[in-house]
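1. attaching a predicted model along with its sequence, questions to come.
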Amino acid sequence: MQKELRTIKQAPKTVFTRNVSPRLGGGAVEYELMDNPKSKLNAAEDWERVVSVVALGQSWQMKDWPGSYSNPVQLFNRAFGFYIGMQGDKIPMELQSWSVTQSSINRDKRGLDSVAYSSFWNALDEWMAIYKPEMLPQPNE
């Protein structure tokens, strides 16, 4: 059986559980992180579960995504957009017209990466409380 499992070429799902701020109702939310959603999400309701996209700053990233998800302007009206760049680097021109929260990391002070990490999760919590509250834990859960 072990040998059979090793022959499967499918990457394991990456699931991340995070506690939401008590001020937003608290509780744990489970996120599935994926590198290439178009290969994993088939039905329209699968795509409705997308709550965030980490933007690279180029529209080709969304090429071949279904419907309005392939248009970055429309995508970032439906999902929380986040861009992480290196401090001092130019922000990609395309990115500037998208509704994307920006953060940066310092090449020399990598211990500060946790600031960008916290910035992402806190901003996502806030976004979800406004745009997708049904996906957050309910107070009686």
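-> The structure has been received and is ready for your questions. Numbers count the residues shown, from 1 in each chain.
2. in the chain, what residue spans correspond to strands?
-> 14-19, 28-33, 52-54, 80-86, 100-105 (DSSP state E).
3. pLDDT at the closest residue to residue 128 other than its chain neighbours, what is it?
-> Once flanking residues are discounted, residue 128 sits nearest to residue 136: 5.6 Å by Cβ to Cβ, 6 or more residues apart in numbering. Bear in mind the C-beta positions are built from the backbone N, C-alpha and C, glycine included. Confidence at residue 136, expressed as pLDDT, is 90.
4. what residues does whichever helix in the chain runs longest touch?
-> As assigned by DSSP state H, the longest helix anywhere in the chain is helix 113-131. Residues outside helix 113-131 that contact it (Cβ atoms under 8 Å, 6 or more residues apart in numbering): 18, 20-21, 24-25, 29, 51-52, 80, 82, 84, 101, 103-105, 135-136.
5. and the one residue sitting closest to the centre of the chain, what does it touch?
-> Nearest to the geometric centre of the chain sits residue 52, at 3.2 Å (Cα atoms, centre = their mean). Taking Cβ under 8 Å, 6+ apart, we find residue 52 in contact with 79-82, 124, 127.
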